[in-house]
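Peer 1: okay, here's the prediction I keep looking at, along with the sequence it came from:
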Amino acid sequence: MRYRVRDVIAASVFVVVAASAAPVAQAQVDRSKPPVLGPPPALHIPPVVIRELANGLKLMIVERHNLPVADFVLVIPSGATANPADRAGTADLVANMLTEGTTTRSALQIADQTAYLGISLFSSSGWDATTIRLSTPTAQLDSALALFADVALRPSFPANEFARVKQERLTALLQLKDRGPAIASLVYPTLLYGKDNPYGRSAVGTDVSVSAMTATDLSTFYHSHFVPDDATLIAVGDVTPAEVEQKVSALFSRWARENVPKVNVGAGLPAPATTIYLIDKPGAAQSSFRIGSVGVARSTPDYFPIEVMNTALGGSFTSRLNQVLREDKGYTYGASSRFDMRKYGGIFIASAEIVSAKSDSALVDFMKQLNAIHDTIPTTELNKTERYLQLELPSGFETTGEIAMRLSDVALYGLPLDYYNHVVDAIGAVTQSEAQRVAEKYIDPSHLTILIVGDRKTIEGPIKALNIGPVVFRDASGNPIQ
C-alpha cells in the first residue's frame, strides 16, 4: 500500500492536534486588570576604563566578551555650533565627506573594503559634536581600525566627490522648501535665537551657504576642529583596555594637538509676550505647529525633573498632548514636546502636524496643556511616567554599538563614568513638587513663540479670533513680510 507524503503529514498533524486537545490546567488570570509591574530593575553597565594618549586623545573602554564584535565611536566636540556664520551646514558636509576619499583611498576603495571586511563605518554631525562610528567583528579588528583611522585622520575632500555631495544637498534643500513641516523646523530656531546666533542658523545649510561652499571650506573646518585634545575614542566589545590602547596608539599617536577656535553661543533673543508667526503654505491640507521657547543646557541640575515633567506633557505616546490632540480629538497623527538639551541652552518645543480646518482648535488645546502642566501631576500619572522612563532605559544598552553611543554623551557633557547606573534611582526620586517647579520655571505660556505653517486664507481668521497673541507674517525663509 502506497502512502502519499501529504497523507502522512496530515496524519501527523492530526496526532499533534489530538494530543494538544487534552485538558491542561491553567492558572486563572483576571484580564479585566492590567498586570502589576514589579520594581524597575537596576541598570549596571560594565566598568568604563579610561586611558589617555600623549597627544591628549582620551580612550573610554568597556569590555563585553559575549560576542566577537566591537564598536568604536570617535567623538569630536565640534558640530553645527562651530559652523562659520556664512557657511551654515559645513560640519554636516564635513561628516558626509569623511568616507568619500582619503589621501590613500578613494571613495570606491573605502566602500569596497568596508563591504569586504563585513563592517559598518559612517559619520554624522549634530549641534555639539561630530562622530565617526565603526562596528566590526574582532576577527577583522586590525584592518577595520586601520580604515577607521584613515577616514578620521586623512580625509582629502576630493573635488569630484564634493561636487556630487554638494548637488545632492542642494536638491534636498530645494525639496524641503515645498514641505510645511520642514519649513517650520528650519525657520523656528531663527525666531528664538536670530540669525546671528549659531543656534539660529540651519545645521544642514541653506541654498545660499551650500552654493558658496568649496572643498577648501570643508578642509579648513576639518583641520581647525578635528584635533585630539578634547576628542574621545570609545571602544565597547570583545576587546581589552591594553589591546585597545596599543592598537589605537599605533594609529592615532601622530595626530597633532592644535588650539580649537572658541565658539560663542549666547542666550537666545529676549522672550517677547506670546506671539504667533504665520507662514503661508497655500493649499496645505495641514498646519505645522511649533510652540516653545529657549530651553536649558544639558548641564542643568534640573535634568531629571525636566525629563519626568516633559514626558508627562509630550514625551511619550500616552502623554497629555498626544492623548488630547490625537486620541481624543483626531486632529493629528501625533503631538509631542521635548527639551533639546545641548552644551548651551537648546530649544523647548511642542509640535504637531494638524489638519488645517482644526488649526484654531488645536492651538487652544496646546495652550490648555501648556498651562495645565503647571498644576501638580497626579500621583498615578507621575508613577506611570517615571516607570515608563525607567523601563525603557535598558533598551538603549542592548548592543555594543548602543552602549558606545550612550557613552558619547558621558564624554561630551562630562557626566560621571557610572552615570547610567544611577539613572533609574534619579528618575524615581523626582517628586510632584519638583515636576511642578520645573514646569513653572521653564514653560511660560505668556512668553511663547508660536510658529504655524499652513494655508493662510483658511487659518488666519480663526487663529486671530482666539486673541492668544499678535499674528506676524513671515516668508518661507523666516524673513518678515507685510
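Peer 2: It's in. Numbering: from 1, shown residues only.
Peer 1: ok, then the element right after the helix or strand hosting V187?
Peer 2: Applying DSSP states H and E as the criterion places V187 in helix 180-193. With elements assigned by DSSP H and E, the helix or strand that comes after helix 180-193 is helix 207-212.
Peer 1: counting neighbours, what do you get for V187?
Peer 2: For V187, the neighbour count with other C-beta atoms under 10 Å is 22. The C-beta positions use only the backbone N, C-alpha and C, and glycine is treated the same way.
Peer 1: do the same with M97
Peer 2: M97 has 23 neighbours, counted by other C-beta under 10 Å.
Peer 1: so what's it closest to, chain neighbours aside?
Peer 2: Take M97 and drop its neighbours on the chain: the residue closest to it by C-beta to C-beta, 6 or more residues apart in numbering is F157, 5.4 Å away.
Peer 1: next, find the distance separating that neighbour from K166.
Peer 2: 11 Å (C-beta to C-beta, to the nearest Å).
Peer 1: for V36, same thing?
Peer 2: Where K166 is concerned, V36 sits at a distance of 57 Å (C-beta to C-beta).
Peer 1: so for those two, which sits in the more crowded spot?
Peer 2: Each of V36 and K166 has its neighbours counted (other C-beta under 10 Å); K166 has more, 21 against 5.
Peer 1: pLDDT value on the more buried one, please?
Peer 2: Looking at K166, its pLDDT is 97.
Peer 1: quick one, what contacts it?
Peer 2: Taking C-beta atoms under 8 Å, 6 or more residues apart in numbering, we find K166 in contact with 93, 210, 213.
Peer 1: ok, which stretches of the stretch 151-300 of the chain are helices?
Peer 2: For the stretch 151-300 of the chain, applying DSSP state H, counting those that start in this stretch gives helices covering 159-176, 180-193, 207-212, 215-225, 241-252.
Peer 1: and of the ones you listed, who's closest to D475?
Peer 2: Among these, the nearest to D475 by C-beta to C-beta is helix 180-193 (9.0 Å).
Peer 1: which residues touch stretch 436-451?
Peer 2: Residues contacting stretch 436-451 (C-beta under 8 Å, 6+ apart): 184, 187-188, 191-192, 271-279, 288-293, 295-296, 302, 305-306, 309, 313, 339, 348, 363, 367, 370-371, 373-377, 468-469.
Peer 1: which parts of stretch 352-371 are buried?
Peer 2: Neighbour-count burial for stretch 352-371 flags 352-356, 358-363, 365-367, 369-370 (criterion: 16 or more other C-beta atoms under 10 Å).
Peer 1: ugh, typo on my part, it should be stretch 32-41
Peer 2: Neighbour-count burial for stretch 32-41 flags P40 (criterion: 16+ other C-beta under 10 Å).
Peer 1: can I get the CA coordinates of that stretch in CSV?
Peer 2: Extracted in CSV, the C-alpha atoms of stretch 32-41 (Å, rounded to 0.1, in the frame of the first residue of the first chain):
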residue,chain,number,x,y,z
SER,A,32,-10.1,43.0,33.5
LYS,A,33,-7.0,44.5,35.1
PRO,A,34,-3.6,45.2,33.7
PRO,A,35,-0.7,43.2,35.2
VAL,A,36,1.1,44.7,38.1
LEU,A,37,4.6,45.7,37.4
GLY,A,38,7.3,44.8,39.8
PRO,A,39,10.1,47.3,40.9
PRO,A,40,12.2,48.6,38.0
PRO,A,41,15.4,46.6,37.6
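Peer 1: just the residues contacting it, thanks.
Peer 2: Contacting residues not belonging to stretch 32-41 are listed as 387, 390-391, 394, 424, 428 [C-beta under 8 Å, 6+ apart].
Peer 1: give the rounded mean pLDDT of that stretch.
Peer 2: On average, stretch 32-41 scores 82.
Peer 1: R105: which of the contacts of K166 is nearest?
Peer 2: Using C-beta to C-beta, those come closest to R105 at L93, 19.4 Å.
Peer 1: quick check: closest non-adjacent residue to that closest one.
Peer 2: Once flanking residues are discounted, L93 sits nearest to L218: 6.0 Å by C-beta to C-beta, 6+ apart.
Peer 1: and if you look at V227?
Peer 2: Spatial nearest neighbour of V227, excluding adjacent residues (C-beta to C-beta, 6+ apart): E258 at 4.3 Å.
Peer 1: so for that neighbour, what's the pLDDT?
Peer 2: Listed pLDDT for E258 reads 85.
Peer 1: equivalent analysis for L134, please.
Peer 2: For L134, pLDDT reads 98.
Peer 1: next secondary structure after the helix or strand hosting A352?
Peer 2: Following DSSP H and E, one finds A352 within strand 347-355. Next in sequence after strand 347-355, counting helices and strands by DSSP H and E, comes helix 359-372.
Peer 1: average pLDDT across that next one?
Peer 2: On average, helix 359-372 scores 98.
Peer 1: C-alpha coordinates for the next helix or strand after that helix, CSV please?
Peer 2: Counting by DSSP H and E, the next helix or strand C-terminal to helix 359-372 is helix 379-392. Output of helix 379-392 as CSV, limited to C-alpha atoms (Å, rounded to 0.1, in the frame of the first residue of the first chain):
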residue,chain,number,x,y,z
THR,A,379,0.4,60.6,41.8
THR,A,380,-0.8,57.9,39.4
GLU,A,381,0.3,59.8,36.3
LEU,A,382,3.7,60.6,37.9
ASN,A,383,4.3,57.0,38.8
LYS,A,384,3.3,55.8,35.3
THR,A,385,5.6,58.4,33.7
GLU,A,386,8.6,57.5,35.9
ARG,A,387,8.1,53.8,35.3
TYR,A,388,8.0,54.4,31.5
LEU,A,389,11.3,56.2,31.6
GLN,A,390,12.9,53.6,33.9
LEU,A,391,11.7,50.6,32.0
GLU,A,392,12.7,51.9,28.5
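Peer 1: the chain should start at 340 in everything you say after this.
Peer 2: In the new numbering, first residue 340, that becomes helix 718-731.
Peer 1: same for whichever helix or strand comes after helix 718-731, what does it pack against?
Peer 2: Next helix or strand after helix 718-731 toward the C-terminus (DSSP H and E): helix 739-752. When contacts are defined as 3 or more C-beta pairs under 8 Å, 6 or more residues apart in numbering; DSSP states H and E, helix 739-752 sits against strand 397-402, strand 408-415, strand 469-476, strand 571-576.
Peer 1: next, the angle from helix 739-752 to strand 571-576.
Peer 2: Orientation of helix 739-752 against strand 571-576 (axes from the mean of the first three to the mean of the last three C-alpha atoms, to 10 degrees) gives an angle of 160 degrees.
Peer 1: got the contact list for helix 739-752?
Peer 2: Contacts of helix 739-752 (C-beta under 8 Å, 6+ apart): 384, 387, 397, 399, 401, 403, 406, 408-412, 414, 416, 467-468, 470, 472, 474, 571, 573-576, 637-638, 682, 735-736, 754-756, 758-759.
Peer 1: list only buried entries from the residues you listed.
Peer 2: The neighbour-count test (16+ other C-beta under 10 Å) marks 384, 387, 397, 399, 401, 403, 408-412, 414, 416, 467-468, 470, 472, 474, 571, 573-576, 637, 682, 736, 756, 758-759 as buried among the contacts of helix 739-752.
Peer 1: could you list the low-pLDDT ranges of this protein?
Peer 2: In the predicted model, the chain carries pLDDT under 70 at residues 340-366.
Peer 1: if we can go back for a sec, export the helices and strands packed on helix 739-752 as CSV, with columns for distance to L460.
Peer 2: Formatted as CSV, those follow (distance: least, C-beta to C-beta, whole Å):
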stretch, distance to L460
strand 397-402, 19
strand 408-415, 10
strand 469-476, 5
strand 571-576, 14
